[in-house]
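> coords below, sequence missing:
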């Protein structure tokens, strides 16, 4: 009986201890300042800050705590606007150091008027990887790097859903965000605008070997770099840059949108790179000095450069892989310009209507579209590049209409997701979704294996009318190409009949696609 009592007392003591640890410290009710609340907090606590203007700088002291405004309850952006941490230009406004991890969280503040050597708004240093989310980081400055946020010395925070704007660096890099010293933050869902730097990386600067941030689903716009990389600058670093809008950025020299120098190997994929300007080369993207970027499935449009390469510039010893992109309506110079000592691989792109021409000094055969035709029977060069109007649905998202020559015209060795449909990957940032066999395009866009009404007798009638009654063709064309042999003919009708009435499979959906594509490059 005594032992049971002891166990009961022990369990109660644990519960009490956990309750004590999981406190909410209210500012200014319980603590007059945010820093005082942090000082009194232990791991697991929340420092909850009421609306107000707090003139102070804060340091998390390595604690695993949540420092938040009432935004975490009301989800009202007015709360973010009204809960201000003001550094009064006397250092970094927020500091994370010495091993802070993702359980160290700052959320729901306006962070402003910081001025420091690095990290005017937020400084993450010495293996600190906190969570920084739902903040407005504005009006901060740094001398050498990271006007908004600086990630240094093995620090890889999660930077998500913030507005990072109007921050500046006077003598260094990374107007909005700086990543260096093997720091690889996850930068997602942010609006990174109107930041500036005297040197490189108006929006984001990634530098040093081992710094490989993931930069995805951001708006990176209207940033300015005194030298290179108005939007993003990569020096030695190899970030993954995908599904971003990179627009209206300016670099006084190279890479209005993105600049890659000195052996980086970034992956640049599914981005829209538009309306950027470079005072010298690479209005959209500049690759130089042994850089090895992979540029896949991007829209690169309406950029400009004063010298060469309004869309892409391939400089000294650069070896970019450039595939499945749409590079169109770029201004002032060639769409893709290469130096004699660059070694790009340029294949399966659509290059269209660029001022001063589409190619300058590119490898032999690039742009010579009398070589052959591609999978869509469109004239192409020996690397399957085409020169055709991409036929966008609009000039905002740049998605494709069903009659675009870019649909199914991409590199057949690259897989598409199962729910995208189609015979092969498209060119551009957006895969056009359609169901094989849905020739009249009246069905829902989901995989055929689910046996929905996407394919029905109406598609057989449509195909027969097209083949024998001069009816309209399927749109996209290969929606009727059920065996993916590059043609729409009676064999596809038979395939549909077998599928609908004899429970047959569509060859393109059940593993024969690779074999068919290999025989139809």
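Everything's here; your move. Computed from a predicted structure; not experimentally measured.
> give me every residue that touches residue 464.
Applying C-beta atoms under 8 Å, 6 or more residues apart in numbering to residue 464 gives the contacts residue 493. Backbone N, C-alpha and C define where each C-beta goes, glycine included.
> What backbone torsions are found at it?
phi -60, psi -40 (degrees, to the nearest 10).
> ok, what's across the strand from residue 285?
Applying DSSP bridges to residue 285 yields these beta-bridge partners: residue 258, residue 312.
> low pLDDT regions in the stretch 151-300 of the chain?
Within the stretch 151-300 of the chain, no stretch has pLDDT under 70.
> cool, the chain as well?
In the chain, residues with pLDDT under 70: 1-21, 418-421, 443-454, 505-521.
> so which strand or helix has the residue lying closest to residue 22 once chain neighbours are set aside?
In space, and not counting its chain neighbours, residue 22 is closest to residue 44: 5.2 Å by C-beta to C-beta, 6 or more residues apart in numbering. For residue 44, there is no helix or strand it lies in under DSSP states H and E.
> Next, count neighbours for residue 44.
Using other C-beta atoms under 10 Å, residue 44 has 15 neighbouring residues.
> all helices for the chain, in order.
Listed in chain order, the helices of the chain (DSSP state H) span 2-21, 34-40, 71-74, 77-82, 457-468, 490-501, 513-519.
> and the fourth one, what other elements does it pack with?
In terms of contact count using 3 or more C-beta pairs under 8 Å, 6 or more residues apart in numbering; DSSP states H and E, helix 77-82 is assigned the packing partners helix 71-74, strand 110-112.
> For the last one, which outside residues touch it?
Residues from elsewhere that reach strand 110-112 (C-beta under 8 Å, 6+ apart): 80-87, 93-94, 121-122, 135-140.
> Could you tell me which of the residues you listed count as buried?
For the contacts of strand 110-112, a burial check counting by 16 or more other C-beta atoms under 10 Å picks out 80, 82-87, 93-94, 121-122, 135-140.
> what number of residues lie near residue 382?
Residue 382 has 15 nearby residues by other C-beta under 10 Å.
> I'd say it and residue 372 touch.
Yes: counting by C-beta atoms under 8 Å, residue 372 is a contact partner of residue 382 at 7.1 Å.
> Tell me which of the helices and strands packed on helix 77-82 sits most buried.
Of all those, strand 110-112 has the most neighbours on average by mean count of other C-beta atoms under 10 Å, namely a mean of 25.
> Direction included, what does it pair against?
Strand 110-112 has these strand partners (DSSP bridges): strand 83-86 (parallel), strand 136-138 (parallel).
> list the contacts for residue 103?
Residue 103 touches 43, 64-65, 131, counting by C-beta under 8 Å, 6+ apart.
> Pull up the gap between the closest residue to residue 403 other than its chain neighbours and residue 46, please.
Nearest residue to residue 403, sequence neighbours excluded (C-beta to C-beta, 6+ apart): residue 475, at 5.5 Å. According to C-beta to C-beta, to the nearest Å, residue 475 and residue 46 sit 55 Å apart.
> Residue 368 now?
For residue 368, the distance to residue 46 - C-beta to C-beta - is 64 Å.
> Look at those two and report which has more neighbours.
residue 46 (18 against 13).
> Isn't that one up against residue 68?
Yes: with contact defined as C-beta under 8 Å, residue 46 reaches residue 68; the gap is 6.6 Å.
> Spit out the contact partners of residue 327.
284, 300-301, 311-312, 335-336, 349-352, 354, 358.
> which residues does it form a beta bridge with?
residue 300, residue 351.
> and stretch 306-323, which residues are buried?
307-315, 317-318, 320-323.
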